[in-house]
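>>> Below: sequence and its predicted model.
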Amino acid sequence: MILQQLQTYLRTHSQTSLEELVCQFQTDADALRGMLNLLIRKGRVRKLAGKQCGSCHSCAPESLELYEWVNSDST
């Protein structure tokens with residue numbers, strides 16, 4: 001059931017960070033990565049290259065790990 005909810009969320013928020021997904025679904029980041037990797041293999045989601053915001057290293061890695069919905073006609 002959460003996989004369907006994740007797809008719906010990504011469809012309505014075309015780009016989102018892993019940190020946002022952890023907060024939204026109150027689920028462990030590694031569990032979400034597993035679901036996101038499944039959606040990546042199916043061609044529905046793509047992982048965007050993580051951007052570096054500076055050299056302070058104080059940002060949570062999950063806030064820089066971005067995902068994008070790429071397929072709007074499949075569920």
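Thanks, I have it. Keep in mind the model is a prediction, meaning the values are calculated, not measured.
>>> Now for residue 28: which residues touch it?
Applying Cβ atoms under 8 Å, 6 or more residues apart in numbering, we find residue 28 in contact with residue 22. For glycine as for every other residue, the C-beta is placed from the backbone atoms N, C-alpha and C.
>>> and with 10 Å instead?
For residue 28, the contacting residues are 22, 34, by Cβ atoms under 10 Å, 6 or more residues apart in numbering.
>>> what's the answer for the one 5 residues further on, then?
With contact set as Cβ under 10 Å, 6+ apart, residue 33 has these partners: 18, 21, 40, 47, 62, 65, 67.
>>> Name the residues of the helix or strand hosting the last one that are buried.
Using DSSP states H and E, the element containing residue 67 is strand 66-69. Neighbour-count burial for strand 66-69, with 16 or more other Cβ atoms under 10 Å as criterion, is recorded at 66-67, 69.
>>> hang on, the earlier thing: of the contacts of residue 33, which count as buried by neighbour count?
Neighbour-count burial (16+ other Cβ under 10 Å) is assigned, among the contacts of residue 33, to 18, 21, 62, 65, 67.
>>> Distance-wise, check the last one relative to residue 12.
Read that as residue 67. Using Cβ to Cβ, to the nearest Å, we find residue 67 at a distance of 13 Å from residue 12.
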